[in-house]
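Asks: sequence plus predicted model, see below.
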Amino acid sequence: MEYKVGNENPQKIGENISTLSNSAALLNRERAWIVWGVEDGTSRVVGTAFRPRSQLVGGEELENWLHKNLHPQVDFNIHEFSLETGKRIVVLEVFPAPGSPVRFKSEEHIRIGSYTRKLKDFPEKERVLWGRFSTMRFEDGIALQGLTGQRVLELIDYPECFRLLRLPMPDGRSGILGQLAKEGIIIRIGEDEFQITNLGAILFAYRLGDFQKLKRKSVRVIEYEGRDRIRTLREQEATKGYAVGFEGLIGYIHARLPANEEIGQAFRREVPVYPGEAIRELVPNALVHQDFSLEGTGPMIELFTDRMEITNPGQPLIDVLRFMDEPPRSRNEALAGMMRRMNIIEERGTGIDKVITAIELYQLPPPNFQVTPNHTRVTLLSPRSLAEMDKGDRVRACYQHACLKWLASDKMSNESLRERLNIDKSNYPMASRIIKEALDAGLVRRADTGSNSNRDRRYIPFWADGM
């Protein structure tokens, strides 16, 4: 807690917020305070003339200016009141740093004794502070604080929450709030004071825009006119929490995707270009496995005339080449667990297997999993002939097919690859060339079957533990 009388310098206030927020996180406190109107040292109440809500910084309201210059954005509340003696008091309530040290403009600050100091000048304090953050799960963080029970129910779509979790609706507001707290969606602080956790907000918010720290994590769906990003046809942002908005998001994606006309024995019907099962696996995977600590970015789904790209912030915890066989790992375990309870994801490690199986059934080019310094992207390609596939497509198809075969206790052959790529039986040398390309790339290896014939040989993924 800091006491002040007339220090109204906006720069100093911003530095103090950084200092107190980082210090609260370091000391594991729920909040910190700046109080104007009390003498420092004597604690004597003298009142203050400071009026923060009417103060401007370059024509901008002080509160907004402070929020804009704090990174990552941290919650703070301004309280103004007068005592019975007529003396005005201003209280700035500051909450702990949410997952990384809070900086004001370009500097992070910390309290050393009674002084504000730059965090970088005290590496031991910085190390301990980062240690606090490393044990803090995103889901346990606080999305919004200081709420009444009524306000919680205005922000959280609790009827849909209970429906998705298959829980009976409790009687009365008290029962509803109690169950939400039991599920980790909210935290009770006082008689009628609550916090909404990141888990509760990201899954069940009526509007993610109501949560300053999470509004950039809403899913964007962008449709382009051609094969590049030059001309955007339309862009839609999914504003609801991931769980309550999931079916609407999937429905919107399907409505925007092209379809092929399939002619049956008597009727024509529209068949989607991309298998629905693949989309229902890949979209929630992007939501669950994202790195929420990356600021200014969120999940994005882009639709082109020749492909669909699904991108999420953060690098995967598993090598992309091992997506099909490694047990599942998620940096957001509580989020994954709750989405599994709602049957949005499986969390059994078979999701990518299903994606590849569906892609092969549709005889589409293989999906491409790519990692950039800050993102993970999967690309689904529209139908194209083998001649239209490049070498990377062919090798990837061969490797993914070998993985599927191995996971089904089988081995890839020239014949099975021909079926996968729709290669004519008489053109087995083409399949052999593709297998050689995959062998040269180190993605598959020969299984010892005792045959020297290319047509009779069997192949397994490079990581398979048997011959």
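Replies: Yep, it's here. Please read all numbers here as calculations on a predicted model, not as lab measurements.
Asks: ok, the strand or helix carrying residue 90: who's next to it in the sheet?
Replies: According to DSSP states H and E, residue 90 maps onto strand 88-94. Sheet pairing of strand 88-94 (DSSP bridges) gives strand 32-36 (antiparallel), strand 76-82 (antiparallel).
Asks: residues of the longest one that come out buried?
Replies: Meaning strand 76-82. By neighbour count on 16 or more other CB atoms under 10 Å, the buried set for strand 76-82 is residue 76. Bear in mind the C-beta positions are built from the backbone N, C-alpha and C, glycine included.
Asks: switch to numbering from 899
Replies: Okay, residue one is now 899; in that scheme the one you just asked about reads as strand 974-980.
Asks: which residues touch it?
Replies: Contacts of strand 974-980 from elsewhere in the structure, counted by CB atoms under 8 Å, 6 or more residues apart in numbering, are 915, 919, 949-951, 961, 964, 986-993, 1044.
Asks: with stretch 959-967 instead?
Replies: By CB under 8 Å, 6+ apart, the surrounding residues in contact with stretch 959-967 are 908, 911-912, 915, 950-951, 953-956, 971, 974, 976, 1002-1003, 1110.
Asks: equivalent analysis for stretch 1315-1329, please.
Replies: The set of residues external to stretch 1315-1329 that reach it, using CB under 8 Å, 6+ apart, is 1258, 1261, 1284, 1292, 1295-1296, 1299, 1312-1313, 1332-1333, 1352-1353.
Asks: again with stretch 1264-1278
Replies: Stretch 1264-1278 is contacted from outside by 1172, 1176, 1180, 1184, 1187, 1192, 1195, 1205-1214, 1218, 1221, 1253-1254, 1257, 1262, 1279, 1290-1291, 1294-1295, 1298, using CB under 8 Å, 6+ apart.
Asks: OK, contacts around the most centrally placed residue in the chain?
Replies: Note on the chain: the residue nearest the mean C-alpha position is residue 1188, at 3.5 Å, using CA atoms, centre = their mean. Shown in contact with residue 1188 (CB under 8 Å, 6+ apart): 1115, 1196, 1197, 1210, 1211, 1212, 1230.
Asks: are we agreed that it is in a helix?
Replies: No - Residue 1188 sits outside any helix when classified using DSSP: H, G, I helix; E, B strand; the rest coil, being coil.
Asks: in JSON lines: the strands paired with strand 986-992, plus mean pLDDT.
Replies: Listed next are these as JSON lines, based on pLDDT from 0 to 100:
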{"stretch": "strand 930-934", "mean pLDDT": "93"}
{"stretch": "strand 974-980", "mean pLDDT": "90"}
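Asks: in TSV, list those along with distance to residue 1326.
Replies: Converted to TSV, those look like this (distance: least, CB to CB, whole Å):
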stretch	distance to residue 1326
strand 930-934	72
strand 974-980	69
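Asks: is residue 983 part of a helix or strand, or is it coil?
Replies: Following three-state DSSP, residue 983 is assigned to coil.
Asks: which residues are in contact with it?
Replies: Applying CB under 8 Å, 6+ apart to residue 983 gives the contacts 943, 945.
Asks: low-scoring stretches of the stretch 1099-1248 of the chain, by residue?
Replies: Applying pLDDT under 70 to the stretch 1099-1248 of the chain picks out residues 1158-1168, 1245-1247.
Asks: quick one: the strands in it?
Replies: Taking DSSP state E, counting those that start in this stretch as the test, the strands found in the stretch 1099-1248 of the chain are 1117-1122, 1130-1136, 1157-1161, 1166-1170, 1198-1201, 1205-1211.
Asks: just say helix, strand or coil for the closest residue to residue 1222 other than its chain neighbours.
Replies: Take residue 1222 and drop its neighbours on the chain: the residue closest to it by CB to CB, 6 or more residues apart in numbering is residue 1301, 4.6 Å away. On the three-state scheme (three-state DSSP), residue 1301 is labelled helix.
Asks: any idea how far residue 1308 is from residue 1301?
Replies: Distance, residue 1301 to residue 1308, using CB to CB, to the nearest Å: 11 Å.
Asks: then residue 988?
Replies: Distance, residue 988 to residue 1308, using CB to CB: 72 Å.
Asks: compare the two (neighbour count), which wins?
Replies: Neighbours per residue (other CB atoms under 10 Å) separate residue 988 from residue 1308, with residue 988 holding more: 21 against 13.
Asks: quick one: contacts for the more buried one?
Replies: Applying CB under 8 Å, 6+ apart, we find residue 988 in contact with 933, 934, 935, 946, 948, 949, 950, 976, 977, 978.
Asks: from those, which is closest to residue 1050?
Replies: Set against residue 1050, the nearest of the contacts of residue 988 by CB to CB is residue 977 (20.2 Å).
Asks: partners of residue 1007 in the sheet?
Replies: Residue 1007 forms beta bridges with residue 1016, as assigned by DSSP bridges.
Asks: so for it, what's the pLDDT?
Replies: On the pLDDT scale, residue 1007 is placed at 94.
Asks: how many residues are close by it?
Replies: By the measure other CB under 10 Å, the count of residues near residue 1007 is 25.
Asks: pretty sure it sits against residue 911.
Replies: No - with contact taken as CB atoms under 8 Å, residue 1007 and residue 911 are classed as non-touching, separated by 11.9 Å.
Asks: what about the residue sitting furthest away from the middle of the chain, distance to residue 1253?
Replies: The centre of the chain is farthest from one residue, residue 983, which by CA atoms, centre = their mean lies 50.7 Å away. In this view, residue 983 and residue 1253 are 69 Å apart by CB to CB.
Asks: burial of residue 1244, as a residue count?
Replies: Around residue 1244 there are 15 other residues, counting by other CB under 10 Å.
Asks: I'd guessed it sits against residue 1237; true?
Replies: No - counting by CB under 8 Å, residue 1244 does not reach residue 1237; the two are 9.6 Å apart.
Asks: so for residue 1353, what's the pLDDT?
Replies: What the model reports for residue 1353 is a pLDDT of 63.
Asks: swap that for residue 927, sorry
Replies: So residue 927 comes in at 86 (pLDDT).
Asks: sounds good, over and out.
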